[in-house]
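Q: Let's see this in three dimensions:
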Amino acid sequence: MNPQSGLHFDVIVVGGGHAGVEAACAAARMGAKTALITLKLDRISHMPCNPAIGGIGKGHIVFEVSALGGVMPQLCTSSYLQARMLNTRKGPAVQGLRLQIDKHVYSRQSKELLQTYPNLTLIPAMVIAIEHDQLNRITGVKTAEGTTISASSVVITTGTFLNGKIHIGSTNYSAGRQGEQAVPFLSQSLASMGLKLGRLKTGTPPRLLRSSIDFSVMERQEADKLDYLFEFGPHNIHHKHPCHITHTNQTTHDIIKKNLHLSAMYSGNISGIGPRYCPSIEDKIARFPDKQSHHVFVEPESLESEEVYPNGLSTSLPFDVQKQYIRSIKGFEDAAIVRPGYAIEYDFVHPNQLRHTLEVKKAAGLFLAGQINGTTGYEEAAGQGIVAGINACLKALKKEPLILDRNQSYIGVMIDDLVTLGVDEPYRMFTSRAERRLILRQDNVFQRLGDIAFNLNLINKERHSVIKQENDIIETAVNQLKNNKQDNVILQLLRNKSYDLAHVKQEIENDTSLTLTNRAVRSIHAQLLYGPYIEREQREIKRTEQYQSLKIPADLDLNNMPGLSIELRQKIAKTNPETIGGATLIQGMTPAAIGLLIFRIRQHNKQKSLT
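A: The predicted structure is shown next:
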């Protein structure tokens with residue numbers, strides 16, 4: 001529809017990327033009259049970087065979006081090209097589902113879904129300002145056409161568009177991403193409200209022509225035999241396109257080293273900070289000079305396109321240098337570059353200015369989600385988007401907010417990290433960031449978040465009932481197997497990481513007279529495999545919660561704690577947390593260290609009370 005002055009909504013979402021789509025759909029699903037304002041409707045849910053969703057840590061977020069009724073999982077099911085489970089040599093808590101996606105199908109189906117979504121209106125426009133009253137309470141947004149659209153809750157999900165600038169060697173120009181205009185005025189509006197902004201950077205590799213690549217000399221990356229994707233129900237998986245692996249070599253590295261000074265990252269043209277865990281090829285060569293080669297994952301972008309994504313070769317080198325180093329790689333000797341790689345820098349808002357609801361502390365009714373908060377990745381954006389959309393709706397309807405705890409979800413871990421610690425580089429989710437990762441698994445995600453989703457009208461009664469039924473079956477099976485001391489066969493099978501699922505399923509069903517889904521078997525396996533550790537973690541959670549507000553005395557001698565590492569002593573001294581709750585958020589802090597800290601604080605306080 002065409003935007004017109006006088007329009008009023010409960011919730012306005014600005015930006016049609018993965019954060020914006022989840023925010024808009026969540027608010028609309030909960031009953032809020034919602035508008036999604038984005039520059040181009042044909043670019044809704046576009047994937048400007050690698051068209052893949054999931055992975056270790058990231059996949060956990062997508063499962064949680066699924067449990068909360070989000071749309072990303074169902075779009076993945078209808079658009080995937082290949083499905084793999086990563087980290088299978090390790091336990092189930094740290095494995096991660098990753099799907100290669102057909103980017104054109106995903107975006108097209110996302111637009112089609114949103115166009116018919118109840119309570120949701122799509123508006124093609126550029127938002128240039130946030131409207132608010134004298135107390136910084138949100139009243140709506142203003143578009144480039146001069147139109148004012150009102151709402152008491154606004155979610156900003158602008159991705160890389162805020163003052164975005166693309167860099168290819170010494171060439172740079174204003175853009176939100178390749179082929180799209182930047183948003184030049186919204187940053188000023190946010191700053192005028194008292195928000196502190198910074199600058200970050202990300203990038204992409206050159207895209208290659210499929211027919212110009214010799215795949216026969218590369219390692220073929222096979223798909224996995226899986227029975228579930230990110231959605232609740234099982235899926236008959238058909239793999240539609242393979243992926244491949246090749247490697248850089250010494251010649252590649254020499255070309256890049258010789259031209260390093262021409263990279264926008266090293267010439268001083270870029271002020272934004274890049275992602276540590278997804279570095280450009282220039283960064284890899286400069287930071288690891290002794291490494292002989294780097295992996296390049298050769299991945300399709302779509303069955304409708306000849307473009308191929310060489311994952312691992314993100315760059316801001318000049319186009320002619322990109323041609324040289326690409327053709328030095330095995331299988332790429334005759335590769336044609338369809339589009340050059342580029343770096344893009346953009347404005348972001350320091351996320352420690354947000355509440356755990358993702359609402360801006362200084363502006364009632366203003367919520368931020370996605371890369372504007374300093375994160376990187378479609379998955380992190382979607383996780384923030386769904387929480388921001390939920391809370392924007394609850395705010396508009398004058399209801400209590402939703403705050404996901406670190407012990408409940410990876411989304412809770414991410415948001416807590418962002419708003420408590422802030423960022424000094426683009427944030428990426430890893431399983432190692434979650435202290436309770438044995439509890440926050442893929443197999444139990446619907447059990448963990450099902451009640452929350454149902455109570456917020458994010459899922460229907462039928463889905464909630466099926467989730468509860470499966471949870472009851474799992475609990476019954478686990479208790480029966482634990483109590484049946486004679487049934488060592490099943491317990492031994494389940495404690496083996498490489499167990500045969502079909503065999504174990506049959507054994508459990510015979511033993512318990514229960515009918516199990518494959519996910520239920522995996523959940524039973526995880527609970528029995530991690531049983532003693534899960535019980536210990538639950539005790540630690542209760543203990544930590546009990547002492548969350550315990551104050552850390554200013555005169556506590558950290559050097560007199562031999563069980564506390566030097567690194568943690570330095571971090572505590574630097575961040576100077578006021579309470580145990582604050583100390584638990586320090587990266588690298590362990591439950592054992594928290595336990596020691598609690599013991600020494602109580603000992604310290606007792607000694608002071610006696611003097």
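Q: Could you use CA atoms for every contact and neighbour count after this?
A: Fine.
Q: Was I right to think residue 232 contacts residue 64?
A: No: counting by C-alpha atoms under 8 Å, residue 232 stays clear of residue 64, with 10.7 Å between them.
Q: When these two are compared, which one has more neighbours?
A: Comparing residue 232 with residue 64 by other C-alpha atoms under 10 Å, the one with more neighbours is residue 64, at 29 against 20.
Q: Skipping its backbone neighbours, what lies nearest residue 187 in space?
A: With C-alpha to C-alpha, 6 or more residues apart in numbering as the criterion, residue 187 has its nearest non-adjacent residue at 6.3 Å, and that residue is residue 162.
Q: tell me the phi and psi of the spatially closest residue to residue 181 that is not a sequence neighbour?
A: Once flanking residues are discounted, residue 181 sits nearest to residue 175: 4.6 Å by C-alpha to C-alpha, 6+ apart. Main-chain torsions, residue 175, degrees, to the nearest 10: phi -170, psi 150.
Q: Was I right to think residue 175 contacts residue 166?
A: Yes: using C-alpha under 8 Å, residue 175 makes contact with residue 166 at a distance of 6.1 Å.
Q: neighbour count winner among the two?
A: More neighbours surround residue 166 than the other of residue 175 and residue 166, with 26 against 23 (other C-alpha under 10 Å).
Q: From residue 309, how far off is the more buried one?
A: Distance of residue 166 to residue 309, computed by C-alpha to C-alpha, to the nearest Å: 19 Å.
Q: How about residue 70?
A: 27 Å.
Q: Looking at the two, which has the bigger crowd around it?
A: Counted by other C-alpha under 10 Å, residue 70 and residue 309 do not tie: residue 70 has more neighbours, with 27 against 24.
Q: Can you report how many residues lie near residue 94?
A: Residue 94, neighbours per other C-alpha under 10 Å, totals 23.
Q: in the longest helix that the chain contains, what counts as buried?
A: Identified as the longest helix of the chain according to DSSP state H is helix 461-483. Within helix 461-483, the residues that qualify as buried are 463-464, 467, 470-471, 473-474, 477-478, 481, counting by 16 or more other C-alpha atoms under 10 Å.
Q: any idea which of the residues you listed is least confident?
A: Confidence by pLDDT is poorest for residue 481 among those, given 86.
Q: residue nearest the centroid of the protein?
A: residue 380 (2.0 Å; C-alpha atoms, centre = their mean).
Q: tell me which element that one falls in.
A: Assessed by DSSP states H and E, residue 380 sits inside helix 378-396.
Q: what helices or strands is that helix leaning on?
A: strand 11-14, helix 18-29, strand 52-54, helix 58-67, strand 153-156, strand 366-368, helix 410-421 (3 or more C-alpha pairs under 8 Å, 6 or more residues apart in numbering; DSSP states H and E).
Q: Now with 6 Å, please.
A: helix 18-29 (3 or more C-alpha pairs under 6 Å, 6 or more residues apart in numbering; DSSP states H and E).
Q: Beyond the helix it packs on, next helix or strand please.
A: Following helix 18-29 toward the C-terminus (DSSP H and E): strand 34-38.
Q: CA atoms only: put that following strand into PDB for me.
A: C-alpha atoms of strand 34-38 as PDB (Å, rounded to 0.1, in the frame of the first residue of the first chain):
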ATOM      1  CA  THR A  34       1.600  -3.900  12.600                       C
ATOM      2  CA  ALA A  35       3.400  -2.100   9.700                       C
ATOM      3  CA  LEU A  36       6.700  -3.200   8.100                       C
ATOM      4  CA  ILE A  37       8.400  -0.300   6.400                       C
ATOM      5  CA  THR A  38      11.300  -1.300   4.100                       C
END
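Q: Averaged pLDDT, that strand. What do you get?
A: On average, strand 34-38 scores 98.
Q: relative to helix 18-29, how tilted is it?
A: Calculated by axes from the mean of the first three to the mean of the last three C-alpha atoms, to 10 degrees, strand 34-38 forms an angle of 160 degrees with helix 18-29.
Q: Strand 34-38 pairs with which strands?
A: strand 11-14 (parallel), strand 120-124 (parallel) (DSSP bridges).
Q: what angle separates that strand from helix 378-396?
A: 140 degrees.
Q: Residues touching strand 34-38, excluding its own?
A: 9-16, 28, 119-125 (C-alpha atoms under 6 Å, 6 or more residues apart in numbering).
Q: looking at the strands paired with strand 34-38, which is buried most?
A: strand 11-14 (a mean of 31; mean count of other C-alpha atoms under 10 Å).
Q: Could I get the average pLDDT for that strand?
A: On average, strand 11-14 scores 98.
Q: OK, contacts around residue 158?
A: With C-alpha under 6 Å, 6+ apart, residue 158 has these contacts: residue 15.
Q: does it sit in a helix, a strand or a coil?
A: coil (DSSP: H, G, I helix; E, B strand; the rest coil).
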